[in-house]
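need a structure here:
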Amino acid sequence: MIYSILFLMVFVGGPLAFRALTRGGPSPAAFRRLALFTALCAATGLTLRYGFADMWGRDVLVTGAGIAFIWGGWIGVLAYGAQAFRRIDNGLHMRRWTSVIGALGTTMPWFGLASASMLAV
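The predicted structure follows:
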């Protein structure tokens, strides 16, 4: 059951979050918003990971929130890169390729979760 929920979050929620972050055009204001979003997510996630290291892995809330914020930072980095490519060439082909590659990139944490669970068994 837990893996089903995680699967849906990663394979549906990740691409939808990426799409929402890249919805606007590649404007300077969009780059500032993405940079702020990415920095806040990464800083919060790493603070939860290393600031509460004694609770990491023992407290589900701290661990889950930390992983979610780090993953949000990852999605922000992907969206920033996609917007940078779109700024170079904002044609239809570039928008499609950056959308596909970015959406696939958001699913990368699933493979880490799957391998970690296989090691735990």
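
what residue is smack in the middle of this structure?
Ile75 (2.7 Å; C-alpha atoms, centre = their mean).

C-terminal to the helix or strand hosting that one, what's the next element?
Assigned by DSSP states H and E, Ile75 belongs to helix 60-88. Per DSSP H and E, the first helix or strand lying C-terminal to helix 60-88 is helix 92-105.

Residue ranges in this protein under the pLDDT threshold?
Flagging of the chain using pLDDT under 70 yields the residue ranges 113-121.

hmm, who's touching stretch 83-92?
Thr22, Gly25, Pro26, Ala30, Phe31, Leu34, Met94, Arg95, Thr98 (C-beta atoms under 8 Å, 6 or more residues apart in numbering). Any C-beta I mention is one placed from the backbone N, CA and C, and that applies to glycine too.

ok, now stretch 98-109?
Contacts for stretch 98-109 (C-beta under 8 Å, 6+ apart): 10-11, 14-15, 17-19, 22, 67, 71, 74-75, 78-79, 81-82, 85-86.

what residues are up against Leu21?
Leu34, Phe37, Ile75, Gly76, Ala79.

Neighbours of Leu40, how many?
As a burial measure, Leu40 scores 14 neighbours (other C-beta atoms under 10 Å).

Tell me how far Tyr80 lies from Ala30.
Going from Tyr80 to Ala30 by C-beta to C-beta, to the nearest Å gives 9 Å.

and what of Phe69?
Counting by C-beta to C-beta - Phe69 and Ala30 are separated by 21 Å.

Next, the angle helix 92-105 makes with the helix holding Ile75.
160 degrees (axes from the mean of the first three to the mean of the last three C-alpha atoms, to 10 degrees).

Identify each buried residue in helix 60-88, please.
62-63, 65-83, 85-86 (16 or more other C-beta atoms under 10 Å).

chain center to it, what's the gap?
3 Å (C-alpha atoms, centre = their mean, to the nearest Å).

re the thing from before, list the contacts of the residue nearest to the centre of the chain.
Gly14, Ala17, Phe18, Leu21, Thr106.

So what's the residue count around Ala39?
Neighbours of Ala39 (other C-beta under 10 Å): 12.

ugh, wrong one, I meant Pro15
There are 19 residues near Pro15, going by other C-beta under 10 Å.
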